[in-house]
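**Q** Predicted model and sequence below, questions to follow.
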Amino acid sequence: MEIVLITVPTSPRCLILGASGFIGRHLVRRMADQGLAVRAMSRSREPSFESPHVEWIAGNPLDPEAVGAVLEGCESCVQLVTTTKPGTANGNMSYDISSNLINNVRIMQKLGQQPDMKFVYLSSGGTVYGNPLYVPIKEAHPTEPFSSYGITKLAIEKYIQMFVRLNRFKASILRVSNPFGEFQSFTDGQGVVPTFLWKVLNREAIEIWGDGLAVRDYIYVGDVCDAIIAALGYRGDKVVFNIGFGRGLSVLEILKGIEETVGFSTEVKHLDARPTDVQVSVLDNTLAFEELGWTPQTSFYEGLERTARWIERRWCSGSELSIQPKQREQQF
């Protein structure tokens, strides 16, 4: 276990586990910009940026002992880390359980030893419900996940709620739909938006599982960060919140939007549908609005253009990409 402290802000702090990941990088900067003190923990040794409000720590954010060693002075914790992906977790279910479920429960035990701790956990709104009985899906909808990923996420949720009932800490579970935006990986096959963008820009064929009519609820990462910050300050009785845009787009609609944004198209190859994928997932975010005062502010197409510009600047120097803002339906 190795822990490296880089800067020291004022307390009280929020410990962010997975601070160098896709959502973590956005969240740390957003909180620092608001003057909130952050203890940012990840495996990376280098800080993403310098700020007097951020204390960077190199360590394993799923190692309960490492997490316990840096909790002093923290009044809250955000858990962003997972070791598996929805489409691949079934391939090694025992690893999914041991690395995620067991380690998270051990971390909860550490959190429960801290006074007045608030825990925010990012769950998966796209997998815990299974095939919906209705859309948009409310938090009270039955949970029947198809995959090990969704089952493990749901089990972690249940343990969190047990700790809350035992008054060990306060918690908010955010069932996030399909986040996308800058810094999301386009090489591991998980993020549809950046993966499709990258392939279109490089004239590579797009591979779509099934017929492309599967509908998902896509939400820009900045809005997810705002929901996390709202949840950190929440002290009400509700625990589980859906965090999504509240409207769905099919995979083919996503591809069409990308082609319109970058100005050209590419070949599409259809693969067999995966048994772990649900056909429709759109979340009802009414409870988050009523209790957290949160609602998404970024349209899908605005978020898409931001992501495309990031990929262009960072990875596609000299490409033919010419992004022009489109006049589209403003609410989406």
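**A** Great, that's in hand.

**Q** going forward, measure contacts between C-alpha atoms and count neighbours the same way
**A** Fine.

**Q** buried ones in stretch 143-155?
**A** Using 16 or more other CA atoms under 10 Å as the test for burial, stretch 143-155 gives T143, P145, F146, S147, S148, Y149, G150, I151, T152, K153, L154, A155.

**Q** now, which of those sits nearest R30?
**A** Among these, K153 lies closest to R30 (CA to CA), at 25.6 Å.

**Q** In terms of helices and strands, where is the closest one?
**A** Assigned by DSSP states H and E, K153 falls within helix 148-165.

**Q** Tell me where the stretch 51-200 of the chain has helices.
**A** Taking DSSP state H, counting those that start in this stretch as the criterion, the stretch 51-200 of the chain contains helices spanning 64-69, 93-96, 103-111, 148-165, 192-201.

**Q** right, I mislabeled it, should have said the stretch 201-332 of the chain
**A** Counting by DSSP H, counting those that start in this stretch, the stretch 201-332 of the chain has these helices, from start to end: 221-232, 251-262, 286-292, 300-315.

**Q** Let's have those in JSON lines, adding distance to I23, mean pLDDT and mean neighbour count.
**A** Listed next are those as JSON lines, based on distance: least, CA to CA, whole Å; pLDDT from 0 to 100; neighbours: other CA atoms under 10 Å:
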{"stretch": "helix 221-232", "distance to I23": "7", "mean pLDDT": "98", "mean neighbour count": "22"}
{"stretch": "helix 251-262", "distance to I23": "21", "mean pLDDT": "92", "mean neighbour count": "19"}
{"stretch": "helix 286-292", "distance to I23": "19", "mean pLDDT": "98", "mean neighbour count": "17"}
{"stretch": "helix 300-315", "distance to I23": "13", "mean pLDDT": "90", "mean neighbour count": "19"}
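
**Q** okay, the helices of the stretch 51-200 of the chain, which one's buried deepest?
**A** Highest mean neighbour count of the helices of the stretch 51-200 of the chain: helix 192-201, a mean of 22 (counted as mean count of other CA atoms under 10 Å).

**Q** Give me the contacts around it.
**A** 180-181, 184-187, 189, 205-206, 254-255, 258-259, 262, 264-266, 304, 307-308, 311, 316, 319, 321 (CA atoms under 8 Å, 6 or more residues apart in numbering).
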